[in-house]
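In: coords please:
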Amino acid sequence: MFACSSDNQKVEGEVKDENGKALQEVMVQVMGTDLYTYTNADGYFAINTKSRGNELIFNLEGYKLGRYDVKEDELMQVSLEALPPKMEVEAKVEQDSISY
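Out: Now for the predicted structure:
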């Protein structure tokens with residue numbers, strides 16, 4: 001699931017909902033590239049980026065799209081906010097139209 005090259009740096013983190021529950025199968029993508037992975041059952045991910053200044057996009061149906069800058073050599077702690085039920089369809093249309 002990783003797309004990487006030899007000059008990349010590994011970034012690791014956890015993705016949870018606003019209540020602290022681990023989120024599985026969240027797509028984690030390096031903005032502007034084809035580098036991506038998914039979180040495991042514990043919400044953990046590891047992905048390679050070209051630099052620490054990259055932005056990561058976190059995408060899971062039923063949750064607001066998350067964007068976080070890669071800054072430190074520490075475990076990223078990401079929290080995604082659930083969408084209200086009526087907004088899920090609107091967000092899906094918005095996410096489908098975003099160019100990564």
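In: list the buried ones in stretch 18-29?
Out: The neighbour-count check on stretch 18-29 (16 or more other Cβ atoms under 10 Å) flags 23, 26, 27, 28, 29 as buried. Where you see a C-beta, it was placed from the backbone N, CA and C, and this is true even at glycine.
In: what does stretch 49-60 contact?
Out: For stretch 49-60, contacts defined as Cβ atoms under 8 Å, 6 or more residues apart in numbering pick out 5, 7-9, 11, 15, 23, 25-33, 35, 47, 65-73, 76, 78, 80, 95, 100.
In: Any quick ChimeraX command for the buried ones out of these?
Out: ChimeraX command restricting these to the buried ones, with burial defined by 16+ other Cβ under 10 Å:
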select :8,11,15,23,26,27,28,29,30,35,47,66,68,70,76,78,80,95
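In: So which of the contacts of stretch 49-60 sit within strands?
Out: Within the contacts of stretch 49-60, residues falling in strands by DSSP state E are 9, 11, 15, 27-30, 47, 66-69, 76, 78, 80.
In: now the most centrally placed residue in the chain: how far from residue 10?
Out: Computing the C-alpha centroid of the chain and ranking residues by Cα atoms, centre = their mean puts residue 58 first, at 2.4 Å. Taking Cβ to Cβ, to the nearest Å as the measure, residue 58 falls 17 Å from residue 10.
In: quick one: residue 45 is in a strand?
Out: Yes: using DSSP: H, G, I helix; E, B strand; the rest coil, the secondary structure at residue 45 is a strand.
In: doesn't residue 10 make contact with it?
Out: No: counting by Cβ atoms under 8 Å, no contact exists between residue 45 and residue 10, whose distance comes to 10.6 Å.
In: which of these two has more neighbours?
Out: residue 45 (23 against 11; other Cβ atoms under 10 Å).
In: and the gap between that one and residue 11?
Out: Per Cβ to Cβ, residue 45 is found 8 Å from residue 11.
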